[in-house]
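>>> The amino acid sequence is not available; the structure is as follows:
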């Protein structure tokens, strides 16, 4: 095998492993059930994966920066309860509140970034604390599941254009956004800072701005995830967000995003999110207890992370 | 001792927070400081404190253990099922569950130390796998009541003192001795401070790292068994709140997630802070939402106050010079 | 008028003076070399010029205007670009992304213009006749030398008036070094001011128009290269310390073999090394950087995987970890090269650092005996005269020399009688250096066996009983006491034929 191909494979091994696992899961699923490779199924699965994909997009950006954002859980809860209590029926009102929620998400994320940067605190602890604060606020606004959003808002998940459902178009737009974003100055700078904060600083990067942008975007995408989630659940929940914290990290890691920062991309995360969602369908199709789902997710997570740590060792051994 | 306090100034801060909270409590609801209430608070704090013991060790070694919730839950459920409400089986079931917890910790530790898996992912994967396995195993059916002996350990009293508080005190002393007076503690702080330096100094880094996870698995399993005594039985999801509280208690007590700092003495204060807050807010007519907000704020404030950014002030207070470039 | 004029420049880190009353001036179109020992203040000086560090006192004039850049960006905007010895590349970006980092050509919608990026990179490579490097490889996959070249390309990609090269040749092979020297001259002829830092006198002589000598955090003199002799330069670099630096050497070698190594291999860096180290001997290991020294020391210590036979005091001893190596009197101890990264726990006390490797000497069933520990600490503080207020002082707050003494003490306490010293005098003041050399000779006299690597050749010449020169992972020469000279070491290190 030529060295450059070998290098390429080593570089992409975590992502390729994720793709192989996705194909394997799809193949197993298709052998058990008809119509897996249909547009309907694509629309359906994407619909249920979209919240996770949106939250994991923000998480990916933060992980590329070399951090972690646990507060996305609080932001998702908060977003859904604000939407469910404030939307009413007036479309103008809804648009205004949606924008407000997205803005709030960005600002809260930015606040995380400022705290982490200015006080030199660990992202894990700061975002753990803000997660607690945000879920608390969500609980104060709406103590139990409830509230409502208009029917047409819920209809987004079923809306179709050229046969593809709204969520699929959303995902396409998201991927488009990513290919643009990763080569913008901000995108490159975030990756660079995650790869080596010191080098980035020596090259003149303002680490504070990078932190504000990365955590701000994470908050923004968590808020977007919350808005999308209300189209699925039709209401708000002050506790639903915690179901997205660790899965968003897991989706990114399964997709080959390195927790050490700088390496990986959204395509991997999307694959990772689909793997996590499809395991649920697979367990159902296998007619075994749904409780096997977390067991399988855990195993896949371990396989993914072992692949990346082993290939990195191989690559390092080679470089010497 | 001065050296200890300067390096672990956050420990002081945490105890300051405990005193402050007690004063506030005394001012707002005088009845809160009754002997019975203090006992109840201490019992709850003991659970947090025991779970956080293992977490503190892991965190000092620059790791984190997210598998605590379901290790705890697994031990609790298996213990009640194996004992079937009888006392006698406890003699072999308790050691068995501790070994199980330790075994799961070993699995985590080997993954982290030998395969280089990030701790956060390794323990997260273990947690979800355990969760699934236990759900599959029990099928969600209720488990037998906890044996009386466990109930005695969890809610019984020796004179005026709850048994579990005595257990906590014994564990606390043991942990303190381990960290401050034994070579294991030296090795652990060195490992958390700088793994390469520790390695080059002959510290058995892998073994030390693995031992912290084993210990964390064991304390989680132990706490899980005691909790069945408190609530009467084991139930699914009983460990979930303890992920947050164990990390929070360690953090409030001054342990840095980056490793190398912190002490169980601080974690004890952290556990007290969290528990007093929980008890205090209903007395002030605050909802559980408000409690979470306060939790978050307390973590942020204590962590910020003990951060390097604020440390110059602390150093000045204790008359200790810290030169630049000493990072 | 000169392009850069510096007067009275001062910088302190806490209580430590890094630069005091430095003055300097250089004009456009010249190559100006900075020379001086390690820690003489050169690094701090260029860090100030490059905007990475702010100065405490003094004045810098750039083109006649006050110059006080807030950060490296600011310095570059003014026209000062530095290529640091410590690389500033981003491991996970490609070569071309690194070269144009933050100044990539962009399309109107904000995305980087990949084609233009490639074109500009190739143009740059062509214009300055760069050695071949693939433009789309991730930097973390490159060798150190290639990374150094990319770093230089990054510096040249900026339109600049002053280019600072900080030991840029130290990581480069001979051919690339020659290329860089030629390039440096060419840039100066094009009107740039190139500030060139190198420890290699030959390079400085061949390209520099003038040189400024640093010593103990201050500038000593500026000379026109052709008007000054090597002796004068060396005398000014070293000051009056020369005569006191090295200890008297008595032959204390016995017939007993302490360490016997044969066929030691470690990756591609160490290809079958064999030698004997005797009791009471200081065996120097010389040669150019990157020829297997690090691998040799780390393999013997169990910190790198290797194959081959190692015998300690006549018994086979292969260590898989430092933990095994530091097993007491019959073990082997290493003072590592990177004090901050491998040797010292900065945030822990001197006491805890000193006793970290000898827990078994002061514990009883795992419990620490504080009295015993205090005695061990006192023993080392006294023996090495470590300057501490109290043993509880944080190790990171000590001066470089005292930090190194703590690392030494930690290893001496293990009682291992075979010592590996890897560049133990790096970043250490002259006084401590001389103490370290004296200590080495004293230890040898007590029956220790010492393997000593130094990047500074005179140290090998003046301290060792024998010197072994490594080249390309082989022993290129083994020089006896009478044959040791800088010339002999260098000859063996660079010439193809073994002597």
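Noted; the coordinates are in hand. The model shown is predicted, which means the values in this text are computed figures rather than measured ones.
>>> How about the residues of the stretch 101-250 of chain A by chain B?
A:115, A:118-122, A:124-126, A:128-141, A:143, A:238, A:246, A:249-250 (CB under 8 Å from any CB of the partner chain). From N, CA and C alone the C-beta is placed, and that goes for glycine too.
>>> can you list the residues of chain C near chain B?
Checking chain C against chain B by CB under 8 Å from any CB, the hits are C:13-16, C:301, C:303, C:321-323, C:325-326, C:334, C:336, C:341-349, C:352, C:355-357, C:359-360, C:363, C:366-368, C:392, C:394, C:396-397, C:410, C:414.
>>> Now restrict those to buried residues only.
C:16, C:301, C:303, C:321-323, C:325-326, C:334, C:336, C:342-349, C:352, C:355-357, C:359, C:363, C:368, C:392, C:394, C:396-397, C:410, C:414 (16 or more other CB atoms under 10 Å in any protein chain shown).
>>> Do you have the strands of chain A handy? List them.
A:160-161, A:164-165 (DSSP state E).
>>> which stretch in the ones you listed has the least confidence?
With a mean of 77, strand A:160-161 has the lowest mean pLDDT of the strands of chain A.
>>> And the pLDDT at residue 167?
Since no chain was named, I'll use chain A. 87.
>>> Sorry, I should have been clearer: chain B.
93.
>>> again with residue B:59
In this prediction, residue B:59 has a pLDDT value of 94.
>>> Run a quick neighbour tally on it.
Neighbour count for residue B:59, taken as other CB atoms under 10 Å in any protein chain shown: 30.
>>> name the helices or strands packed onto the helix or strand harbouring it?
Per DSSP states H and E, residue B:59 falls inside helix B:35-60. Helices and strands touching helix B:35-60, by 3 or more CB pairs under 8 Å, 6 or more residues apart in numbering or on different chains; DSSP states H and E, are helix B:68-83, strand B:161-162, helix B:163-181, helix B:183-193, helix B:205-231, helix B:241-252, helix B:264-283.
>>> quick check: angle from that helix to helix B:183-193?
Calculated by axes from the mean of the first three to the mean of the last three CA atoms, to 10 degrees, helix B:35-60 forms an angle of 60 degrees with helix B:183-193.
>>> Can you find the helix or strand in chain C with the smallest mean pLDDT?
helix C:242-245 (a mean of 59; mean pLDDT, DSSP states H and E).
>>> Show me which residues of chain A sit near chain C.
A:7, A:11, A:180, A:183-185, A:188-189, A:191-192, A:194-196, A:198-200, A:202-205, A:262-263, A:315, A:317, A:319-320.
>>> Narrow those residues to those that are buried.
A:7, A:11, A:183-184, A:188-189, A:191-192, A:194-196, A:199-200, A:202-205, A:262-263, A:315.
>>> Relative to chain C, how far out is residue B:32?
With distances taken as CB to the nearest CB, to the nearest Å, residue B:32 is found 40 Å from chain C.
>>> The closest residue to that residue other than its chain neighbours: what's it in contact with?
Nearest non-adjacent residue to residue B:32, counting by CB to CB, 6 or more residues apart in numbering or on different chains: residue B:25, 4.9 Å away. The contact partners of residue B:25, by CB atoms under 8 Å, 6 or more residues apart in numbering or on different chains, come to B:32, B:33, B:276, B:280, B:283.
>>> Tell me the secondary structure at the closest residue to the fourth one other than its chain neighbours.
Using CB to CB, 6+ apart and skipping the chain neighbours, the partner closest in space to residue B:280 is residue B:25 (5.3 Å). Three-state assignment for residue B:25 (DSSP: H, G, I helix; E, B strand; the rest coil): helix.
>>> how far away is residue B:25 from chain C?
36 Å.
>>> same question, residue B:18
26 Å.
>>> How is that residue assigned, secondary-structure-wise?
helix.
>>> Could you report the neighbour count for it?
That count, for residue B:18 with other CB under 10 Å as the rule, works out to 19.
>>> contacting residues for it?
Taking CB under 8 Å, 6+ apart as the test, what residue B:18 contacts is B:269, B:272, B:273, B:276.
>>> With adjacent residues omitted, what lies nearest to the third one?
If the residues on either side of it in the chain are set aside, residue B:273 comes closest to residue B:17, at 5.1 Å by CB to CB, 6+ apart.
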